[in-house]
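A.B. asks: got a predicted model here, sequence first, then my questions.
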Amino acid sequence: MPLRVAFAEVATRQQVKQAGATWNPDRKVWELRYDRAIALGLQDRIVPDAGSERDSSI
């Protein structure tokens, strides 16, 4: 799941990195498995899929 973590949020960034997240420079998000994001309480940081937003506006 793509996660939004601000650059200044050092502790959160370290937390997602330790959980196995990888940085996606194209989308500028951290990518982490859904179950790990939920376990860390980061569900509010999940970035919605851009494709689903476009489909809902049709």
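C.D. replies: That came in fine, so what should we check first? Numbers count the residues shown, from 1 in each chain.

A.B. asks: rest of the way, CA atoms for contacts and neighbours
C.D. replies: Fine.

A.B. asks: near Met1, how many other residues are there?
C.D. replies: 19 (other CA atoms under 10 Å).

A.B. asks: for Asp26, see how far away it is.
C.D. replies: For Met1, the distance to Asp26 (CA to CA, to the nearest Å) stands at 15 Å.

A.B. asks: do the same with Lys17
C.D. replies: 18 Å.

A.B. asks: now do stretch 21-40, average pLDDT.
C.D. replies: Average pLDDT, stretch 21-40: 96.

A.B. asks: give me the buried positions along the longest helix anywhere in the chain.
C.D. replies: In the chain, with assignment by DSSP state H, the single longest helix is helix 10-18. Neighbour counts over helix 10-18 (16 or more other CA atoms under 10 Å) mark Arg13, Val16 as buried.

A.B. asks: just give me the neighbour total for Glu31.
C.D. replies: Using other CA under 10 Å: Glu31 sits among 21 other residues.
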